[in-house]
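1. predicted structure and sequence below. I'll ask about it afterward.
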Amino acid sequence: MPRIYLETYGCQMNVADSELMLGVLAAQGYVQSGVPEGADVILLNTCAVRDNAEQRVVGRMGELQRHKFPGSIMGVVGCMAQRLGPILLEQVPAVDLVVGPDGYRNLPELLRHAQGGERVSDVEYRSWEHYEDVPQVRESGPTAFVTVQRGCDYQCTFCIVPTTRGPERSRQLVDVVRETRQLVERGVSEVTLLGQTVNSWQEGSEDFADLLRAVGAIEGVRRIRFTSPYPTDFTPRVIEAMATTAAVCEHVHLPVQSGSNAVLKRMRRRYTRERYLEVVAALRQAIPGITLSTDIIVGFPGETEEQFRETLGMVMEAGFDDAYTFKYSVREGTPAERIAEHVPDEVASERLQRLIDAARLQTRQRNAVRVGQVHEVLVERPAKRGHLMLARTRQNFLVLVDVPRDSVGAYRRVRLTGTTGSTFTGALEHGSLVVI
């Protein structure tokens with residue numbers, strides 16, 4: 001049987017899309033290979049959000065082409081493929097196949113053309129495509145991603161996603177519930193709902209609050225997470241559903257991007273600093289103990305030192321538990337490309353380091369006071385080093401625990417015994433096994 005080797009870059013949506021592609025190809029007799037050597041098809045599922053992500057893929061293509069042999073195929077799929085399209089075929093002779101996120105259903109046919117000597121691409125937008133009939137090939141485990149929305153309508157000036165993913169469209173609630181039930185039957189107890197602006201999910205008169213309640217009502221679903229929400233789509237209904245649906249975890253990843261109103265306006269974000277903080281306050285009031293992580297961009301065109309300091313202040317005022325920080329990367333085809341007053345790279349780099357230092361310090365300080373607390377954790381997988389297992393609390397804290405390897409999928413109560421600043425160590429509480 002033909003073998004396929006697939007590497008995934010970027011966000012959780014790309015991970016879910018890789019599972020889709022493996023499902024499409026498995027139905028045609030392909031089997032997954034863990035190494036590129038000897039693979040009949042090598043695919044790279046790519047990210048286009050930042051330039052360095054694309055450069056990593058370009059470098060990796062150069063490395064992987066040595067594994068090609070007569071009749072084998074190397075393809076680029078995903079957001080970078082959508083952004084560049086047939087240009088990739090012109091620029092990289094080793095690439096035989098370019099497919100965007102809406103073209104995965106056609107992979108078997110496209111591969112047949114490529115194996116016949118053609119160099120092919122499919123970057124057509126298909127607003128109807130949700131891959132409902134495609135059984136995904138997932139790794140076994142207690143957690144799973146469920147895509148509930150594809151595309152984005154928000155048009156932030158820095159973001160390439162509307163170009164690479166197309167317009168926003170939501171799956172039907174009944175299909176999300178059906179998929180989640182199937183996952184529970186396979187032993188999954190925690191699902192993460194995925195969408196570019198996931199809490200703007202809408203089907204007729206039903207909104208994200210209805211979706212949370214419906215998934216939370218499925219027997220066997222113990223935890224629900226979702227990413228990435230948009231701040232102003234946290235309506236009172238959605239917040240109430242989060243607070244009253246027992247399975248919804250006490251953690252939200254809430255991208256802020258900047259703490260300066262002037263920068264937010266240039267980014268075309270649909271909120272002010274003040275409105276964002278109102279959402280933070282509403283979430284904290286409704287859900288005691290909730291933790292917040294965020295995304296922040298520094299060095300956006302026109303950002304002054306004073307505006308950057310406003311962002312530093314936002315980190316403290318919002319009280320983020322974690323922050324993913326980035327230096328602005330110009331994306332060809334986005335409106336921000338045309339904004340004058342680009343910040344010099346050395347200035348942006350210096351600001352990024354100051355932001356990282358401030359965010360890490362706050363994370364360490366907030367986590368230090370949590371040592372001694374008792375939390376329920378889900379054992380997810382072996383840690384990368386040593387004999388410990390990696391577990392996660394409802395608040396999204398990573399905890400290293402000393403439990404047997406066959407504990408994957410078990411819920412335990414642990415006392416946090418220490419922290420490295422971002423990760424905790426934990427000790428089992430007496431009688432800590434939690435039965436589902």
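-> Good, I have the coordinates. Numbers count the residues shown, from 1 in each chain.

2. and the helices in the stretch 101-250 of the chain?
-> Remark: helices assigned in the stretch 101-250 of the chain by DSSP state H, counting those that start in this stretch are 107-115, 161-165, 173-185, 208-216, 236-244.

3. what's the fourth one in contact with?
-> Spelled out, it's helix 208-216. Contacts of helix 208-216 from elsewhere in the structure, counted by Cβ atoms under 8 Å, 6 or more residues apart in numbering, are 148, 173, 176-177, 180, 191, 193, 198-202, 221, 224, 226, 233, 235, 237-238, 240-242, 245-248. Heads up, the C-betas are built off the backbone N, CA and C, glycines and all.

4. cool, and the second one?
-> The contact list for helix 161-165, computed with Cβ under 8 Å, 6+ apart, reads 48-49, 78-80, 82-83, 100-101, 150-155, 196, 333-334.

5. what do you get for the third one?
-> With Cβ under 8 Å, 6+ apart as the test, helix 173-185 has contacts from 130, 132, 144, 146, 148, 191, 193, 203, 206, 210-211, 214-215, 218-221.

6. so how do I select the buried members of those residues in ChimeraX?
-> Typed into ChimeraX, the next command selects the buried ones out of the contacts of helix 173-185 (criterion: 16 or more other Cβ atoms under 10 Å):
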select :130,144,146,148,191,193,203,210,211,214,215,218,221
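
7. sorry, back to before: between the helices of the stretch 101-250 of the chain, which gets the lowest average pLDDT?
-> Lowest mean pLDDT of the helices of the stretch 101-250 of the chain: helix 161-165, a mean of 93.

8. helices or strands next to the longest helix along the chain in the packing?
-> What stands out as the longest helix in the chain, according to DSSP state H, is helix 345-368. If contacts are counted by 3 or more Cβ pairs under 8 Å, 6 or more residues apart in numbering; DSSP states H and E, helix 345-368 sits against strand 291-298, helix 305-318, strand 322-327, strand 411-419.

9. what helices or strands is the longest one leaning on?
-> Using 3+ Cβ pairs under 8 Å, 6+ apart as the contact criterion, the elements in contact with helix 305-318 are helix 261-267, helix 273-286, strand 291-298, helix 345-368.

10. out of the ones you listed, flag the one nearest Leu22.
-> Smallest distance to Leu22 across the helices and strands packed on helix 305-318 (Cβ to Cβ): 28.3 Å, for strand 291-298.

11. state the number of residues packed around Asp133.
-> Using other Cβ atoms under 10 Å, Asp133 has 8 neighbouring residues.

12. contact partners for it?
-> By Cβ under 8 Å, 6+ apart, no residues touch Asp133.

13. how far away is it from Leu20?
-> In this structure, Asp133 lies at 11 Å from Leu20, with Cβ to Cβ, to the nearest Å as the measure.

14. check Thr192 too.
-> Computed as Cβ to Cβ, the Thr192 to Leu20 distance reads 16 Å.

15. who does Lys327 form a beta bridge with?
-> Taking DSSP bridges as the rule, Lys327 bridges to Val298.

16. likewise Ile4?
-> According to DSSP bridges, the partner residues bridging Ile4 are Gln32, Val41.

17. so it sits against Val35, correct?
-> No. The criterion here is Cβ atoms under 8 Å, and Ile4 misses it with Val35 at 11.5 Å.

18. the more surrounded of these two?
-> When neighbours are counted by other Cβ under 10 Å, Ile4 comes out ahead of the other of Ile4 and Val35, with 22 against 9.
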